[in-house]
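*Asks:* pasting a predicted model and its sequence here:
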Amino acid sequence: TLSHSLSQSLSAYFLNVFYFSKCVSEGKNLHRTSLRELADRCKGLIKINQNLGSQLAVDSVALLNGEIKEQEDIRKNLVDSQKELNEFVSQLDEQLEAMCCKVLNLKQHIIQLQGSD
């Protein structure tokens, strides 16, 4: 994976730096070719790390875009659900109003029937 590649290149970089530091601390005389090789290796590893960093950035952007898309889908579903709920509540309100009118009519009818007895 990408993180594994990054880890490997960083490990190689630090091994090179460690080798150089060890040689210097032990007083070893490094040849110019060894120093050039080490510098070239470090430059190569830095370039690899930059490429990996760019790839990580691209992958992160793609991941964030995917998450944004998911959030937009969720928001759209919530808006649609809210509309359906509003319609349902409106229908219930109309039905309740109709039932209240019916109950009042029935109550008046009962009062009339009781009054005529």
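*Replies:* Nice, I can see it. Numbering: from 1, shown residues only.
*Asks:* when you work out contacts or count neighbours from here on, use the C-alpha atoms and nothing else.
*Replies:* Will do.
*Asks:* pLDDT wise, what is residue 29 at?
*Replies:* You'll see residue 29 listed with a pLDDT of 63.
*Asks:* hmm, I typed the wrong one, I wanted residue 115.
*Replies:* In this model, residue 115 carries a pLDDT of 84.
*Asks:* before we move on, what about residue 52?
*Replies:* As predicted, residue 52 sits at a pLDDT of 76.
*Asks:* and it, helix, strand or coil?
*Replies:* Put simply, residue 52 is helix when judged by DSSP: H, G, I helix; E, B strand; the rest coil.
*Asks:* and it, how far from residue 46?
*Replies:* Note on residue 52: its distance to residue 46, by CA to CA, to the nearest Å, is 10 Å.
*Asks:* same thing with residue 85?
*Replies:* Residue 85 is 57 Å from residue 46, by CA to CA.
*Asks:* same thing with residue 37?
*Replies:* According to CA to CA, residue 37 and residue 46 sit 14 Å apart.
*Asks:* looking at the two, which has the bigger crowd around it?
*Replies:* Higher neighbour count among residue 37 and residue 46: residue 46, with 15 against 12, using other CA atoms under 10 Å.
*Asks:* which secondary structure element contains the more buried one?
*Replies:* Element membership for residue 46 (DSSP states H and E) is helix 32-116.
*Asks:* just how off-centre is that helix within its chain?
*Replies:* 12 Å (CA atoms, centre = their mean, to the nearest Å).
*Asks:* which strands and helices lie in contact with that helix?
*Replies:* Applying 3 or more CA pairs under 8 Å, 6 or more residues apart in numbering; DSSP states H and E, one finds that helix 32-116 contacts helix 2-25.
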